[in-house]
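1. A predicted structure for the sequence below; I have some questions about it.
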Amino acid sequence: MELGEVVDQVLAAPLVTTMEVKVVAIDGCGGSGKSTIAERLARRLGSPPIIHTDDFASWDQPIEWGQRFLDQVLLPLSRGEHPRFQRYDWARRQLGEWVDIDPGQLLVIEGVSSTRRAFTPYISFSIWVEASAEVRLARGLERDGLEMLGQWRSWMAEEDHYVADEAPQLRADVVVSGESATT
């Protein structure tokens, strides 16, 4: 599917009744091209803010950070408030600075497990980015270094559990290929 078609579908998607902000979630496994697609989509949508789930995840908790995302991002949005969240500092391996978001009428959330079932009541439109494990691992190691191979294998196993448990690709409004996305 072409990006222009995705933009049209996002714009046509209705707001979730409990929200004043249209939330677009871009999910997929690590290295699939989600960030690249999110940036391209956001540019076409007038550059709304993008919240990356990497600001919540860590090597130790690649998936199990959802409650903090709900508490700091989605629940405030549902109350008509601006989200304020504490970004995870990957270098220091601890929570870092606080980030305030003014979403306007549209917010993009991007990252692994961004369309998990617990988030779906707040999401107006969801995208699954598909790419092979080989492509994803190669991109991850290119970005993080070969010394991170063990971490990447562990991370990918956690993602496999998430995909098996939640089948986000089957619930997505649209599935796009990330195979040719450059990260």
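-> All right, it came through fine.

2. how about the strands in this protein?
-> If DSSP state E is used as the criterion, the strands of the chain fall at 22-28, 50-52, 84-89, 94-100, 106-110, 125-130, 174-177.

3. winner for burial among these?
-> Neighbour counts (mean count of other CB atoms under 10 Å) averaged over each of the strands of the chain peak at strand 22-28, with a mean of 27. Just so you know, the C-beta spots here come from the backbone N, C-alpha and C atoms, and that holds for glycine as well.

4. and that one with strand 106-110, angle?
-> Here strand 22-28 runs at an angle of 10 degrees relative to strand 106-110 (axes from the mean of the first three to the mean of the last three CA atoms, to 10 degrees).

5. so what does strand 22-28 touch, helix or strand wise?
-> Counting by 3 or more CB pairs under 8 Å, 6 or more residues apart in numbering; DSSP states H and E, the packing neighbours recorded for strand 22-28 are helix 34-44, strand 106-110, strand 125-130.

6. How far does it sit from its chain's centre?
-> In terms of CA atoms, centre = their mean, to the nearest Å, the centre of strand 22-28 is found 6 Å from the chain centre.

7. what about Asp71, distance to Glu39?
-> With the distance defined as CB to CB, to the nearest Å, Asp71 ends up 26 Å from Glu39.

8. try Pro49
-> Distance, Pro49 to Glu39, using CB to CB: 12 Å.

9. just checking, what's the longest helix in the protein?
-> Residue-count comparison of every helix in the chain, with assignments taken from DSSP state H, identifies helix 149-166 as the longest.

10. isn't Gly46 right up against Val108?
-> No. The pair formed by Gly46 and Val108 falls short of the contact definition of CB atoms under 8 Å, at 11.0 Å.

11. tell me the pLDDT at the residue of the chain most remote from its centre?
-> With distances taken as CA atoms, centre = their mean, the residue sitting farthest from the centre of the chain turns out to be Glu147, at 25.1 Å. The model reports Glu147 with a pLDDT of 93.

12. hmm, back to that, give me the common contacts of Gly46 and Val108.
-> Residues touching both Gly46 and Val108 by CB atoms under 8 Å, 6 or more residues apart in numbering: none at all.
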